[in-house]
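Participant: this one's sequence-less:
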């Protein structure tokens, strides 16, 4: 929120109610746009979601961001999508078709679309 002097607040109180409401709405929109611009610049204060890089610093995304992956099978069939996000203490995975989970190790798994659903 922008800081206002006492004189500015007095002048605003003399405006019609609709004008005061519009000013408040514009201030709110400005604050949201500034926060969004900061996110785009990577200035996110707290988050649980990052784009992981091996050769440079991880890039933060907004907290709880939904990541959408479009998978294209080699056989040229219709692409399928998987949405992944963190919520509380769990990772949520949602496919737009039936998915199968294949454990690989105690800390690794593979998710594929169910074979019979092609």
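Facilitator: On my side now, so go ahead. Because the structure is predicted, anything quoted here is derived from the model rather than measured. Numbers count the residues shown, from 1 in each chain.

Participant: what is the nearest residue to residue 95 once chain neighbours are set aside paired to in the beta sheet?
Facilitator: Spatial nearest neighbour of residue 95, excluding adjacent residues (CB to CB, 6 or more residues apart in numbering): residue 82 at 5.0 Å. (Glycine included, C-beta is placed from N, CA and C.) For residue 82, the beta-bridge partners are residue 69, residue 95 (DSSP bridges).

Participant: Provide a list of residues in contact with residue 82.
Facilitator: 68, 69, 71, 93, 94, 95, 96, 99, 111 (CB atoms under 8 Å, 6 or more residues apart in numbering).

Participant: Let me see the confidence value for it.
Facilitator: Per-residue pLDDT puts residue 82 at 89.

Participant: could you measure it against residue 100, distance?
Facilitator: Residue 82 sits 12 Å away from residue 100, taking CB to CB, to the nearest Å as the criterion.

Participant: Find the residues that touch each one of those two.
Facilitator: Common neighbours of residue 82 and residue 100 (CB under 8 Å, 6+ apart) are residue 111.

Participant: what packs against the lengthiest helix in the chain?
Facilitator: Looking across the chain with DSSP state H, the single longest helix is helix 17-40. In this structure, helix 17-40 makes packing contacts with helix 6-13, judged by 3 or more CB pairs under 8 Å, 6 or more residues apart in numbering; DSSP states H and E.

Participant: elements contacting the helix it packs on?
Facilitator: Contact analysis of helix 6-13 by 3+ CB pairs under 8 Å, 6+ apart lists helix 17-40 as its packing neighbours.
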